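Engineer: have a look at this prediction, sequence included:
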Amino acid sequence: MSVAEDRAAPARADLRFAVIGAGMSGILAAIRLEEAGFRNVEIFERESKLGGTWRDNTYPGLSCDVPSHVYRYRFAPNPDWSYRFSPGPEIWEYLNRVAHDYGIARRVRYDTEIARAEWDDGVWKVTPKGGETEIFDIVITATGVLRDPVYPDIPGLEDFEGPMFHSARWDHSHDWRGKRVGLIGTGSTAIQITSAIAKEVGKLSLFQRTPQWVVPVENPEITEREREALRKDPKRMDDLYEFLADRFQNTFARAVVGDKEELDKVARACEEHLATVKDPELRRKLTPDYQVACKRLIMSDTFYREVQRDTVELVTEKIERIEKNGVRTADGRLHELDMLVCATGFEAHKFMRPMEVVGRGGHTLEEEWSEANRAYRSVAVPDFPNFFMMVGPNSPIGNFSLIMISEMQFDFIMQLVDRIASGEAREVEPTREATNRFNKAIQDAMVNTVWVAGCSSWYLDKNGNPAMWPWDFERFEREMQAPDLKDFRLVA
Ligand code: NAP
């Protein structure tokens, strides 16, 4: 098993790496570092299993709305995906299998949350919660984006006497079949849950604060015959990868950053899809009043069908409070429930925090990011030498394959690591001037994007600015190809 292109062994193969997080990005970083010949790679994971978001989310209907054949590591094609958009457990198994096959899984230091990393005297001092400080040369954070659940700020949430949990902490000890289920939220998660449970619940009360645009996307099974063909001819998988990546990059990825023609196509597809809802009143309730794709677009060809079932009530009255028997809406009605699920999203702007990161001269990341989370090309921060982030601020998140993004970012990071490993530099960090220039360009470009069209979403940071990549995917590929060393401070 090998991912490596032909690389000379690093002069400093003994460099000590702390990889923080054993989700999709952390597994990738660990595999790639070891393949590159580094012998001292520690992987820290705060939970007792690896897999990040695919470990945490186990709700009914969980799947990835990025086609599976692009939602995989480039070096580990998988001919066995069962659907075009495979179910979550299959993705989790895939990550596990890759981590096992490459010898990473057994080496992860589970149940170890890093509380603090401090740059001191040319090294990183990394301290796990309740543990001893260890010394590293390079820190790579791979802590994910949608990690910490947000519960709704609704009075009485704790008063509910039945099972109540967040969608990312699904409690499988309570069967929802035949029960009166309340579901708060209509993001990608709630739409998938609704599609999965509507048929078998006693009653589903779906509490919608804001309607969503839903683009119909079919999810056909990949037949055994097709899988066999992919097994026999791995090149077919690579071709499929290129085809899917290209198609996405030339359509949706352009639509959100200013290609009006593409955006119109998506809008038409959503409008025609919405028109399939038969009851005019339900259709009215489901009709958004903002630009298509301003919030993360929902991909589903089953939601509208399922929400029209007799077992489902779409509740649009504001929730006033939660009581022991159910949810009380502003019209005074009590929606009696046996269980309540909060599909109310995540804290998307925390990155590695609450971990405390202290850079050069005692400068903390909290101070650095007090106004906004800013990085150089999403991966590094001035005054934080030898500190790299995967899926950091302004990474192209949204509807992209995050694995693809992570791989490109890692290739970029690796080229900086190479400067240290070759002995050319001991410290590498972006200059403040280059970081400011990059962030100014981001803010200037953001005005052309669909995310500023006037809706609220988790894409927006605390200042109301989209924390997104405002350009097309080709630009991201270009910028990740090679670091411009003029933008870095290399200390020999
Ligand atoms: P989300 O998109 O942040 O949606 C949260 C939902 O909860 C929204 O409908 C929000 O309403 C509602 N909400 C929050 N607080 C509320 C309150 N106090 N009262 C009433 N409603 C409230 O979260 P998510 O659905 O978990 O999705 C998050 C992201 O995860 C997605 O955008 C996507 O990137 C990722 N995801 C991906 C997939 C996939 O297939 N790849 C699947 C699931 C999730 P408002 O809209 O009014 O704020």
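Structural biologist: Ah, there it is.

Engineer: could you list every residue that touches whichever residue of the stretch 51-200 of the chain sits closest to the ligand?
Structural biologist: Evaluated by CB to the nearest ligand atom, the stretch 51-200 of the chain has residue 187 as its residue closest to the ligand, separated by 2.2 Å. (C-beta placed from N, C-alpha, C; glycine too.) Under the criterion of CB atoms under 8 Å, 6 or more residues apart in numbering, the contact partners of residue 187 comprise 212, 295, 296, 298, 343, 345.

Engineer: any idea how far residue 103 is from residue 117?
Structural biologist: To residue 117, residue 103 is 25 Å away according to CB to CB, to the nearest Å.

Engineer: if you count surrounding residues, which of the two has more?
Structural biologist: In this comparison of residue 103 against residue 117, neighbours counted by other CB atoms under 10 Å, the higher total goes to residue 117 at 24 against 12.

Engineer: related to what we said a few turns ago, what pLDDT is listed against the residue of the stretch 51-200 of the chain closest to the ligand?
Structural biologist: Among the per-residue scores, residue 187 shows a pLDDT of 98.

Engineer: what do you get for the one 4 residues further on?
Structural biologist: pLDDT for residue 191: 98.

Engineer: what's the burial count for residue 205?
Structural biologist: 21.

Engineer: hang on, it in a strand?
Structural biologist: Yes. The assignment for residue 205 (DSSP: H, G, I helix; E, B strand; the rest coil) places it in a strand.

Engineer: what about it, distance to the ligand?
Structural biologist: Here the distance between residue 205 and the ligand works out to 12 Å (CB to the nearest ligand atom, to the nearest Å).

Engineer: surely residue 177 meets residue 201?
Structural biologist: Yes. When contacts are counted by CB atoms under 8 Å, residue 177 is listed as touching residue 201 (7.0 Å).

Engineer: these two: who's more crowded?
Structural biologist: Neighbours of residue 177 and residue 201, each counted by other CB under 10 Å, are more numerous for residue 201; the result is 22 against 11.

Engineer: what sits against the more buried one?
Structural biologist: With contact set as CB under 8 Å, 6+ apart, residue 201 has these partners: 176, 177, 178, 179, 180, 181, 311, 312.

Engineer: mark which of those are buried, thanks.
Structural biologist: With neighbours counted by 16 or more other CB atoms under 10 Å, those contain buried members at 176, 179, 180, 181, 312.

Engineer: can you name the residues that contact the first one?
Structural biologist: Okay, so that is residue 176. Residue 176 sits in contact with 60, 197, 200, 201, 339, where contact means CB under 8 Å, 6+ apart.

Engineer: swap the cut-off to 10 Å and go again
Structural biologist: The contact partners of residue 176, by CB atoms under 10 Å, 6 or more residues apart in numbering, come to 60, 163, 170, 183, 193, 196-197, 200-202, 204, 338-339, 341.

Engineer: ok, and the most crowded of these?
Structural biologist: Of all these, residue 183 has the most neighbours under the rule other CB under 10 Å, reaching 30 neighbours.

Engineer: residues in the chain within reach of the ligand, list them.
Structural biologist: Proximity of the chain to the ligand is confined to 63-66, 146, 152-154, 167, 184-190, 192, 207, 209-210, 296, 319, 343-346, 456, 458 under the rule CB under 6 Å from any ligand atom.
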